[in-house]
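J.: mind looking at a prediction? Sequence and model below.
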Amino acid sequence: MRFLNIAQGSVNELETHLILSHRVGLCSEKDVEIILNLLKEESRMIISLIKKLEN
């Protein structure tokens with residue numbers, strides 16, 4: 001559980017870094033959008049696994 005919570009935190013941190021990288025012009029909005037969609041999917045999987053392990 002601890003490692004899954006850490007993984008979820010890392011997903012959130014990466015999301016923040018991606019948004020900031022777009023704001024400063026390091027990557028395009030399209031690229032960020034694609035990666036953010038993948039991160040959302042990953043986040044849903046982590047949350048689902050956490051919930052299953054809690055039961």
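T.: It's in.

J.: distance of Ser48 from Glu41?
T.: According to CB to CB, to the nearest Å, Ser48 and Glu41 sit 11 Å apart. C-beta here means a position set from N, CA and C on the backbone, and glycine is covered the same way.

J.: ok, Ala7 to Lys30 distance?
T.: Ala7 is 26 Å from Lys30, by CB to CB.

J.: more crowded one of those two?
T.: The residue with more neighbours, out of Ala7 and Lys30, is Ala7; 16 against 9, by other CB atoms under 10 Å.

J.: quick one: buried residues of the longest helix belonging to the chain?
T.: The residue-count maximum for a helix in the chain (DSSP state H) belongs to helix 29-54. Neighbour-count burial for helix 29-54, counted by 16 or more other CB atoms under 10 Å, picks out 32, 39, 46.

J.: in three-state terms, label Leu26 for me.
T.: Classification of Leu26 by DSSP: H, G, I helix; E, B strand; the rest coil places it in coil.
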